[in-house]
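Colleague: here is the input, now give the coordinates:
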Amino acid sequence: MPDSRINPGDRGPLRRFADGDYVDRDSCQRAFERMHRRDAVGDRIHLFFAIGGIVFLFGSPTMTEIAMAPLAVFFVVRVINTFPVWIHGFGQPAVLVALAIAAWMGVSLLWSGDVAAGLEKMSDLRWMVMVGLIFPVIEHRMKLIAAMGVGIAMGHVGQALDLFNGFGIGPLARLVENEPRRVSGWWHPVVGGSVLVAAMGLHLPGVLMGTGRTRWLAWAGFAAAGVGVVGTGSRGAWGAAVLMVAFGVVWGLVMRRIALKRTLVLAGASLVIVLVGGLLFRDAIISRVEESRSELREIGEGDYSSYSGRRVRMAQLAVEAAVEHPIAGVGAGGYRAWMDEADPVGGTSPHAHNSVLHIGATLGLVGLGLWAFFFWVLLRGAGRIWDEQQQGPYGLGPMFAIVGLLLASSTDVVHLNQQTAAMIGLLAALSPAICPGHPLWRRGDPDIDGAPE
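Modeller: Below you'll find the model as predicted:
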């Protein structure tokens, strides 16, 4: 039955759906108890593969693509022992909304100018399978969040290799080789900037609410992510990082009534982080600033041939597409084809470098509504699980990371790029509508059928 602590009459149907009221909590809890009784060894192996997959998800593009393969294989191996836990996992609200998005994208192929590209865009939703794969070990949510932090730290190792040219080791230098004067390690600079803004969000609750070792670890992770954002040279990520800090300050003061001293320390330390990043990447920052001035001047003169100019033109064309096709858009994968027709001499791009504009242009108001609902479900799930389970500051990290990705989406199409799309799938897995606690029989309660003596 639905959670008895919640009065369904206090919430509308969308909130009841987002909270997973259609899930029988007792049946879900019994499913976990059955799985633990039947396959305790499998539980440990499943957790091992889940943690390993999350860590390597933040490696190179190839590593990201295969990171969850061992977990998927093991999931199939023990699929009978995990039944019906995985039904509850794949039946989470976020997965159902993602299926609705996929269905609408599929329908939009009927009017898309590039069906093959549309199918490719649909494939980016494949990362949502992580929700079902990880759900059998969701009781260990804090360990999974810690694995996410370790994975991001591995991304910082890539940036260090990039900064110091592989420390003289040729294969390592080639592995992290990106654009000149931009230090993003394993990632493309723009994608890396988006990932690291989300990483700042992951550590921010620990900075604001942590104590002792937790707070120091949070500060270390937050500072590394902040310096890393500066190093990517992604100007959009720079702005998103500033907004991420501002969000943390406002949230801390207004929502949690955290001491003013802590929020002031956050703001002041963020300035120090910028200064440190500025010293490390001085030449790259100067070149990016000078480039921005030149490009803005050219844009003001009506010349859109520069890097920033093309982005502005892409946004303009996305708005035009959304205005001409407000309800259904030009179809999944149809942005480039529409752009070629609307501005054949202006250059092409597979996306509009802005998530809202791109979704509006390709999937219309229907798509915008579905994607908005999807992220609202994630945010609600992440906040609700933290509130119910009282998992400490880092238990709220996934919610702040989602906010970070949303802020970064103003200059990046985060739901289409490989690493950020994978990160969305992981954050969805860490933000389920329900997160059962350890079954009573694991604690030796004799009143539970099958409890150990």
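
Colleague: all helices of the stretch 301-450 of the chain, in order?
Modeller: Taking DSSP state H, counting those that start in this stretch to define them, one finds helices in the stretch 301-450 of the chain at 307-324, 335-342, 355-389, 397-408, 418-429.

Colleague: give me the low-pLDDT residue ranges for the stretch 201-350 of the chain?
Modeller: For the stretch 201-350 of the chain, applying pLDDT under 70 flags the ranges 303, 344-348.

Colleague: go with 50
Modeller: Per-residue confidence for the stretch 201-350 of the chain (pLDDT under 50) gives no ranges below the cut-off.

Colleague: re the thing from before, redo the helices of the stretch 301-450 of the chain as TSV? Include distance to I54 and mean neighbour count.
Modeller: No exception for glycine: its C-beta is placed from N, CA and C like everyone else's. Converted to TSV, the helices of the stretch 301-450 of the chain look like this (distance: least, C-beta to C-beta, whole Å; neighbours: other C-beta atoms under 10 Å):
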stretch	distance to I54	mean neighbour count
helix 307-324	32	18
helix 335-342	31	19
helix 355-389	16	21
helix 397-408	12	27
helix 418-429	6	25
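
Colleague: mind giving me a markdown table with those and columns for distance to G193?
Modeller: Written out in a markdown table, the entries for the helices of the stretch 301-450 of the chain read as follows (distance: least, C-beta to C-beta, whole Å):
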| stretch | distance to G193 |
| --- | --- |
| helix 307-324 | 14 |
| helix 335-342 | 22 |
| helix 355-389 | 14 |
| helix 397-408 | 7 |
| helix 418-429 | 10 |
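
Colleague: go through the helix or strand harbouring D26 and flag the buried ones.
Modeller: Using DSSP states H and E, D26 falls within helix 25-38. Neighbour counts over helix 25-38 (16 or more other C-beta atoms under 10 Å) mark R25, C28, Q29, R30, A31, F32, E33, R34, M35, H36, R37 as buried.

Colleague: for that helix, packing partners?
Modeller: Under the contact criterion of 3 or more C-beta pairs under 8 Å, 6 or more residues apart in numbering; DSSP states H and E, helix 25-38 touches helix 79-82, helix 85-90.

Colleague: export stretch 270-284 to PDB, keeping only CA atoms.
Modeller: Extracted as PDB, the C-alpha positions of stretch 270-284 are listed here (Å, rounded to 0.1, in the frame of the first residue of the first chain):
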ATOM      1  CA  SER A 270      34.600  30.700  -4.000                       C
ATOM      2  CA  LEU A 271      36.500  33.900  -4.800                       C
ATOM      3  CA  VAL A 272      39.700  32.300  -3.500                       C
ATOM      4  CA  ILE A 273      38.900  29.300  -5.700                       C
ATOM      5  CA  VAL A 274      38.600  31.600  -8.700                       C
ATOM      6  CA  LEU A 275      41.900  33.200  -7.900                       C
ATOM      7  CA  VAL A 276      43.700  29.900  -7.600                       C
ATOM      8  CA  GLY A 277      42.200  28.800 -10.900                       C
ATOM      9  CA  GLY A 278      43.200  32.100 -12.400                       C
ATOM     10  CA  LEU A 279      46.800  31.600 -11.300                       C
ATOM     11  CA  LEU A 280      46.900  28.000 -12.600                       C
ATOM     12  CA  PHE A 281      45.300  28.700 -15.900                       C
ATOM     13  CA  ARG A 282      46.200  32.400 -16.400                       C
ATOM     14  CA  ASP A 283      47.200  32.300 -20.100                       C
ATOM     15  CA  ALA A 284      44.100  30.300 -21.000                       C
END
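
Colleague: C-alpha coordinates for stretch 287-307, CSV please?
Modeller: The C-alpha trace of stretch 287-307 is given here as CSV (Å, rounded to 0.1, in the frame of the first residue of the first chain):
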residue,chain,number,x,y,z
SER,A,287,43.0,34.2,-24.2
ARG,A,288,39.4,33.3,-23.6
VAL,A,289,38.5,36.7,-22.2
GLU,A,290,40.2,38.4,-25.2
GLU,A,291,38.5,36.1,-27.6
SER,A,292,35.1,36.9,-25.9
ARG,A,293,35.7,40.6,-26.3
SER,A,294,36.5,40.2,-30.0
GLU,A,295,33.6,37.9,-30.7
LEU,A,296,31.1,40.2,-28.9
ARG,A,297,32.3,43.1,-31.0
GLU,A,298,31.8,41.1,-34.2
ILE,A,299,28.4,40.0,-33.1
GLY,A,300,27.5,43.6,-32.4
GLU,A,301,28.5,44.4,-36.0
GLY,A,302,26.3,41.6,-37.3
ASP,A,303,29.1,39.1,-38.0
TYR,A,304,28.2,35.6,-36.6
SER,A,305,31.1,33.7,-38.1
SER,A,306,33.0,33.4,-34.8
TYR,A,307,32.6,30.6,-32.2
